[in-house]
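A.B. asks: Got a sequence here, can you build the structure:
(3 chains)
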Amino acid sequence: MEIFLQQLINGITLGSIYGLIAIGYTMVFGIIGMVNFAHGDVFMVSAFIALIAFLILTTWLGITSISLALLIVLVVAMLFTSMVNWVIERLAYRPLRGSFRLAPLISAIGMSIFLSNFVQVSQGPRNKSTPPMIQGEFVLLDSNNFAVTLSFKQLVIWGITALLLMAFWYLVAKTKLGRAQRACEQDQKMAALVGVDVDRTISMTFVIAAALSAVAGTMYLMYYGVVSFSDGFVPGVKAFTAAVLGGIGSLPGAVIGGILIGLIETMWSAYFSIDYKDVAAFSVLAITLIFLPQGLFGRPDVEKV
Amino acid sequence: MQAGSQDRRVELTRALRDAGVTALLAFGLFLPLIGFETQQNIRNELILTTRLPLLFTIVAIVGVGRLVYSLALDPWLKQRTMRPPQATPSAWRAPVAKWFIPFSIGFVIAYPIIVVAIKGLGGAVKWVDNFGIQILIYVMLGWGLNIVVGLAGLLDLGYVAFYAVGAYSYALLAKTFGFSFWILLPLAGLLSSFWGILLGFPVLRLRGDYLAIVTLAFGEIIRIVLINWVDLTNGYAGISGIPRPTFFGISFNANDDGFAAVFGLEFSPIYRTIFLYYLILALAFLTAFVTVRLRRLPVGRAWEALREDEIACRSLGINTTNTKLTAFAMGAMFAGFAGSFFAARQGFVSPESFTFLESATILSIVVLGGMGSQIGVAIAAIVMIGGTEIMRELDFLKQIFGSAFDPTQYRMLLFGFAMVLIMIWKPRGLISSRDPSVFLKERKSISSDLVKEGHG
Amino acid sequence: MVAASDILLSVEHLTMRFGGLVAVDDLSFQARQGDITALIGPNGAGKTTVFNCITGFYKPSEGRLGLCHGDASVWSELEALTDSGKRSVTRGDGALYQLERLPDFLVTQQARVARTFQNIRLFPGMTVLENLLVAQHNRLMLASGYTLIGILGFPSYAAAERAAIDKARMWLDRVGLIERADDPAGDLPYGAQRRLEIARAMCTEPVLLCLDEPAAGLNPRESAELNALLLTIRNEYAISILLIEHDMSVVMEISDHLIVLDYGVKISDGPPEIVRNDPKVIAAYLGVADEEVAQVEAEVGL
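C.D. replies: Purely as a prediction, here's the structure:
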């Protein structure tokens, strides 16, 4: 029971990170029908940007207040990552819009290889570990040999995720941009005819996706305290799994899918085998797609004859 | 005259402004990751150093590049597209097209001999191995995947799984039972195609990107199992000491009954390399031959019809389930052949060789080559694999950039970049027109605009 | 119920529901051997849904779809077939199929029902000739020994392929596309694509040809050519046709039997001259209630 509770806390934390990345997949897929393969690597790049920003703030500028530093790091990472993704969309995907279906996918795979190798070349292949940023924890339950704890950093992750999701939900549901996005999702030609700037809307989608993945990247760095150039692929695939599980195109689905994947992974590690935790996540992906292709919250795709 | 110079001025100002904006953007992009470098110091703490000269060099290159693009390259490209297309193809085209294939086949057959003639016995090993064998493995894998992706239109991102099944089947069966290469080659192919059907079955209903992702997941699952099933596969450490293929029972070693001794030659590793070269060449030719034949058989036409319109296929009484499964099985079989060759060539297999990157590489070769086109796939394999291999040979760059510069580091960086560039340049691949499988009066190639890419 | 000796297709109590929507409601009709039977009705009446049920693309929510080959006395086996749960039964020269039990590709392969689509579905990147060869897939597959004989290059397969090409050539002649045999199907003009789709369906050697709005988008001359083609298919090849059509010049001129659907329910059934004067049909097409027909007719001057 204690283990279950602890893994529940860990799983939700991990799942929040996956959920934030998953939103990026789901949004991009929803609007241009493309699996943005490079999204996991954009997440990894954002973690590096966060790392560098953190080091500048703490070692060079001597900021001692962790919460202030973290806030600045978050904003810096979101800004720079958004710019990176904006440029990627302009250079690698926009010229291919409306062409052959596989072309953007291959371009995205190429971009993914490029990004991870760019980071490897520019920052070196070694793991980068930071000193712990936030320490301390609440002990929730202390039976004689096992203490269930909720660390401050987990709390921070939950809080920031919740806050950003609310802001994001407002953006998508209540603003003009969100309406334009939904219009483009339905029918780009028609949206353009009624005056929606489709190019700009798609660019903004990539920017928002990147900003959310930058939040995930910052929290990933804070949570694990280590990042390397190859850390984009597996979280990327798992976040994609989350997006599919929740029903691709559905934003709440992405978050719930993320949390489910986080839970499946932590529970599997605790009760079965830590070596095969990725197999569990990938199997969930395969099983979902085979038996429930529309996911938990997606619209079913009816075959038209 | 006046208006002309006015236009020119406006153009120049615009180009300069564009270049400025691009440079500014490049500054923002590269500031964090190029401008700063994280390093571990002696106490294992992360410290930051700056690389401002490098950052500004790159920003300057990007800015100047943009300026050159808008002043010279862009007008030139526009002019080229404005020019009316030539009505008749230039005179050299037809003979080139006619002689290209026989010449290429002749060249690949003569390649080891040419290399030995130029580089001598010792120096040739690297060239036959890295450029010959390595490229041919990918040509073969590309042709195999081409059946699944190019012909049947089924997007498979986990193709490397079948390559792995082939390699591990050979490694395990050869080590455990001591079977020879020639028995295990077909066996590995069979096992792989069995896995192709096994993995193909549940994903039949899926379409497009979903199929791609599930196949990716299967590929990763197989790799993780290979890593963790230590009793069978020896985990990360891999399996070494795999028996090498022999030349009709004669091994390529320095012993008295080895190849060199039997034929009265001085021992050299080149003989084995050349033997392996011709082995993979024969396997690749087999793949090409079978694929060409299959395309003209009902099953091949059904694959292509499936890519064009699955519902129409079903309305014509075609069992699409079986058609898809045969495509998976065929593709997997060739991957299995290639895998067992790989294990035999290396004498060592480990999960490291079967990552997602391999699948992505093979798929990109197929798409870059032009889906369905055998020659296109071969050219793409030569460009992509040969191109990255050649990065290993650029040691002279060290004299320019200093000894700390290691060109091999940039291999995959440029590989990824090239994938993006080629896609933007030719989204339908290098050779995108389709050759009809049968004709009544005249063979006309079909424009890629009409050929569908498949939905499943 | 199945009395007449020349019944080819018997649809009984066919119902198709999509969620809460009832697209086809308890529809029963019969198509006779050698007839051109037309299924007409306003847009959204459920005609294409009936087609999709007959050709196996949809599994009906309820109902029985019987199809007979050869000797019509085999119809007497229908109840036994239904009870046995099998897909088909053969007796002497006749065979009986229960189409709703067959998956889509077997409807064509075994029960030999071919179809075309409302929005043409050719293989656009393959040549006209290739399109017709794909249609002969099952026979060629057998001839190629499920690929094995074919890949080894045995002459028996080459002969089978030549025969298939001859057959394709014959149909290309019929539909006037022989000159374009080596052009990609996607390059053909609209009317030619419609004809090619019919030729392709015919290459599967059907007993029943189902055409979903074959005259849609054709000009009057092409429409007249289509009439001639369909009559040839019926008269020379003795193939029965079931067609959905809005073009009344096609329907009235060539069909032997009309079935009118409205909102998924059959409202009229009979030869053209009777259906044409059925007040219910006129009401459905004019979109008014039965009793207002006379008034509306007077208003529009019919």
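A.B. asks: can you pull the contacts of residue 59?
C.D. replies: If you meant another chain, say so; for now it's chain A. Applying Cβ atoms under 8 Å, 6 or more residues apart in numbering or on different chains, one finds that A:T59 lies in contact with B:I47, B:L48. From N, CA and C alone the C-beta is placed, and that goes for glycine too.
A.B. asks: Hmm, no, I was thinking of chain C.
C.D. replies: Taking Cβ under 8 Å, 6+ apart, we find C:K59 in contact with C:C53, C:E100.
A.B. asks: Could you pull up the residues touching B:L54?
C.D. replies: By Cβ under 8 Å, 6+ apart, the contact list for B:L54 reads B:I34.
A.B. asks: ditto for B:F405
C.D. replies: Going by Cβ under 8 Å, 6+ apart, B:F405 touches B:L397, B:K398.
A.B. asks: for chain A, what are the nearby residues on chain C?
C.D. replies: Residues of chain C lying near chain A by Cβ under 8 Å from any Cβ of the partner chain: C:T48, C:N52, C:F57, C:Y58, C:F117.
A.B. asks: Buried ones among these?
C.D. replies: Among the residues of chain C next to chain A, those classed as buried by 16 or more other Cβ atoms under 10 Å in any protein chain shown are C:T48, C:N52, C:F57, C:Y58, C:F117.
A.B. asks: can you tell me the helix or strand for the residue in the stretch 51-200 of chain A that chain B sits nearest to?
C.D. replies: Residue of the stretch 51-200 of chain A nearest chain B, by Cβ to the nearest Cβ: A:G110 (2.8 Å). Secondary structure assigned from DSSP states H and E places A:G110 in helix A:102-123.
A.B. asks: next one: that helix to chain centre, how far?
C.D. replies: Taking Cα atoms, centre = their mean, to the nearest Å, the mean C-alpha location of helix A:102-123 is offset from the chain mean by 17 Å.
A.B. asks: Skip ahead from it and say which helix or strand is next.
C.D. replies: Remark: after helix A:102-123, the chain's next helix or strand is strand A:128-129, criterion DSSP H and E.
A.B. asks: Show the model's pLDDT score for A:V302.
C.D. replies: A:V302 carries a pLDDT value of 57.
A.B. asks: Can you tell me the closest non-neighbouring residue to C:S255?
C.D. replies: Using Cβ to Cβ, 6 or more residues apart in numbering or on different chains and skipping residues adjacent in sequence, the residue nearest C:S255 is C:A38, 4.0 Å away.
A.B. asks: re the thing from before, farthest-separated two in the buried ones among the residues of chain C next to chain A?
C.D. replies: Farthest apart among these by Cβ to Cβ are C:Y58 and C:F117. That separation is 13.9 Å.
A.B. asks: Please list the residues of chain B that sit near chain C.
C.D. replies: Counting by Cβ under 8 Å from any Cβ, chain B sits next to chain C at B:290, B:293-294, B:297-299, B:301-302, B:304-305, B:307-309, B:311-320, B:326, B:434, B:436-444, B:446-447, B:450-452.
A.B. asks: Show me the shaky parts of the chain.
C.D. replies: In the absence of a named chain, this looks at chain A. Scanning chain A for pLDDT under 70 picks out A:299-305.
A.B. asks: that answer is for a different chain, and I need it for chain B
C.D. replies: For chain B, the stretches flagged by pLDDT under 70 are B:1-4, B:82-95, B:402-404, B:454-456.
A.B. asks: ok so, going back, how far away is the nearest residue to the residue of the stretch 51-200 of chain A closest to chain B once chain neighbours are set aside from chain C?
C.D. replies: Setting aside the residues directly before and after it, A:G110 is nearest to B:M419 in space (Cβ to Cβ, 6+ apart), at 2.8 Å. Going from B:M419 to chain C by Cβ to the nearest Cβ, to the nearest Å gives 25 Å.
A.B. asks: Check for me that B:M419 belongs to a helix.
C.D. replies: Yes - counting by DSSP: H, G, I helix; E, B strand; the rest coil, B:M419 is found in a helix.
A.B. asks: Contacts only, for it.
C.D. replies: Neighbouring residues of B:M419 by Cβ under 8 Å, 6+ apart: A:I106, A:S107, A:I109, A:G110, A:I113, A:F114, B:S364, B:L368, B:M384.
A.B. asks: Could you dump these into CSV with distance to A:R200 and neighbour count added?
C.D. replies: Formatted as CSV, the contacts of B:M419 follow (distance: Cβ to Cβ, whole Å; neighbours: other Cβ atoms under 10 Å in any protein chain shown):
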residue, distance to A:R200, neighbour count
A:I106, 25, 24
A:S107, 21, 29
A:I109, 26, 26
A:G110, 25, 26
A:I113, 28, 26
A:F114, 25, 23
B:S364, 30, 26
B:L368, 31, 28
B:M384, 35, 23
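A.B. asks: Tell me where chain B has strands.
C.D. replies: Remark: strands assigned in chain B by DSSP state E are B:36-40, B:46-50, B:239-240, B:348-349.
A.B. asks: I'd like to know how many residues surround C:G94.
C.D. replies: For C:G94, the count of nearby residues is 17 (other Cβ atoms under 10 Å in any protein chain shown).
A.B. asks: from what I can see it touches C:C68, true?
C.D. replies: Yes - counting by Cβ atoms under 8 Å, C:C68 is a contact partner of C:G94 at 6.3 Å.
A.B. asks: okay, and the common contacts of those two?
C.D. replies: With Cβ under 8 Å, 6+ apart, C:G94 and C:C68 have common neighbours C:V74.
A.B. asks: Next up, the contacts around residue 247.
C.D. replies: Went with chain A since none was named. Counting by Cβ under 8 Å, 6+ apart, the residues that A:G247 touches are A:G253, A:G257, A:Q294, A:G295, A:L296, A:F297, A:G298, A:R299.
A.B. asks: ah, I was thinking of chain C
C.D. replies: Counting by Cβ under 8 Å, 6+ apart, C:D247 has contacts C:A215, C:A216, C:L218, C:S223.
A.B. asks: ok, now A:P95?
C.D. replies: Residues in contact with A:P95 (Cβ under 8 Å, 6+ apart) are B:I424.
A.B. asks: how near is B:G317 to C:N138?
C.D. replies: Distance of B:G317 to C:N138, computed by Cβ to Cβ, to the nearest Å: 5 Å.
A.B. asks: So between these two, which is more surrounded?
C.D. replies: Using other Cβ under 10 Å, the more surrounded residue of B:G317 and C:N138 is B:G317, with 25 against 20.
A.B. asks: any idea how far that one is from chain A?
C.D. replies: 16 Å.
A.B. asks: check which helix or strand covers the nearest residue to A:F43 once chain neighbours are set aside.
C.D. replies: Sequence neighbours aside, A:S213 is the residue nearest to A:F43 in space, at 4.3 Å (criterion: Cβ to Cβ, 6+ apart). In the assignment (DSSP H and E), A:S213 maps to helix A:198-224.
A.B. asks: C:V11 now?
C.D. replies: Per DSSP H and E: C:V11 is located in strand C:7-18.
A.B. asks: List the buried residues for the lengthiest helix in chain B?
C.D. replies: Of all the segments of type helix in chain B, defined by DSSP state H, the longest one is helix B:93-126. With burial defined by 16+ other Cβ under 10 Å, the residues of helix B:93-126 counted as buried are B:V108, B:Y111, B:P112, B:V115, B:V116, B:A124, B:V125.
A.B. asks: how near is the residue nearest to C:S255 to chain A?
C.D. replies: Relative to chain A, and taking Cβ to the nearest Cβ, C:A38 is found at 20 Å.
A.B. asks: tell me the mean pLDDT over the helix or strand hosting that residue?
C.D. replies: Per DSSP H and E: C:A38 is located in strand C:36-40. For strand C:36-40, the per-residue pLDDT values average out at 91.
A.B. asks: Take the buried ones among the residues of chain C next to chain A and write them to a markdown table, including pLDDT.
C.D. replies: Compiled in a markdown table, those are given as follows (pLDDT from 0 to 100):
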| residue | pLDDT |
| --- | --- |
| C:T48 | 90 |
| C:N52 | 91 |
| C:F57 | 90 |
| C:Y58 | 91 |
| C:F117 | 93 |
